[in-house]
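Peer 1: Prediction below, plus the sequence it came from.
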Amino acid sequence: MVEALGRQRRVETIVADMTRRPLDAALKDLCQIVYLHLLTMDEDKLRDLYDTGDIQFYLIRVIQLQLHGHRTTYDREVRRFQSITNPIEGDFADE
């Protein structure tokens, strides 16, 4: 099921819609955190969410919590890292 969501790029679509901007490196990290969350959750719960169609609402809630929470994985691993580092500028940044 997680593989199907990945092929459909459901998480990426929801993140882009919620933030109203293209996916940068930090938002791609957020997507990976959400996929990891799905992979580690109880399979029966995930299957139930998928079968009932509630997976969309569940993904939105997980993404909201990650984006707006101050003790989330996204906050600890992405935001705080960005706050103590400087971005690489120039043509070689995308290589």
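Peer 2: Arrived safely.
Peer 1: in the top helix by length along the chain, what's buried?
Peer 2: Longest helix of the chain, by residue count under DSSP state H: helix 25-40. Across helix 25-40, burial judged by 16 or more other Cβ atoms under 10 Å covers Leu27, Asp29, Leu30, Cys31, Ile33, Val34, Tyr35, His37, Leu38. Heads up, the C-betas are built off the backbone N, CA and C, glycines and all.
Peer 1: Please apply the same query to stretch 74-86.
Peer 2: When neighbours are counted by 16+ other Cβ under 10 Å, the buried residues of stretch 74-86 are found to be Tyr74, Val78.
Peer 1: which residues of this structure fall in helices?
Peer 2: Under DSSP H, the chain gives helices at 2-8, 10-19, 25-40, 43-52, 55-68, 73-74, 80-84.
Peer 1: could you dump those helices to CSV with mean pLDDT?
Peer 2: CSV is the format used below for the helices of the chain (pLDDT from 0 to 100):
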stretch, mean pLDDT
helix 2-8, 95
helix 10-19, 96
helix 25-40, 95
helix 43-52, 96
helix 55-68, 96
helix 73-74, 87
helix 80-84, 75
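Peer 1: Give me the most central residue, the chain.
Peer 2: Of all residues in the chain, the one closest to the mean position by Cα atoms, centre = their mean is Cys31, 2.3 Å from it.
Peer 1: That residue - nearest residue in space that isn't next to it in sequence?
Peer 2: Among residues not flanking Cys31 along the chain, Val11 sits closest, at 4.8 Å (Cβ to Cβ, 6 or more residues apart in numbering).
Peer 1: Thought Val34 was touching that neighbour, still the case?
Peer 2: Yes - here Val11 lies in contact with Val34, judged by Cβ atoms under 8 Å, at a distance of 4.9 Å.
Peer 1: Now do the shared contacts for those two.
Peer 2: Taking Cβ atoms under 8 Å, 6 or more residues apart in numbering as the contact rule, Val11 and Val34 both touch Leu59, Ile63.
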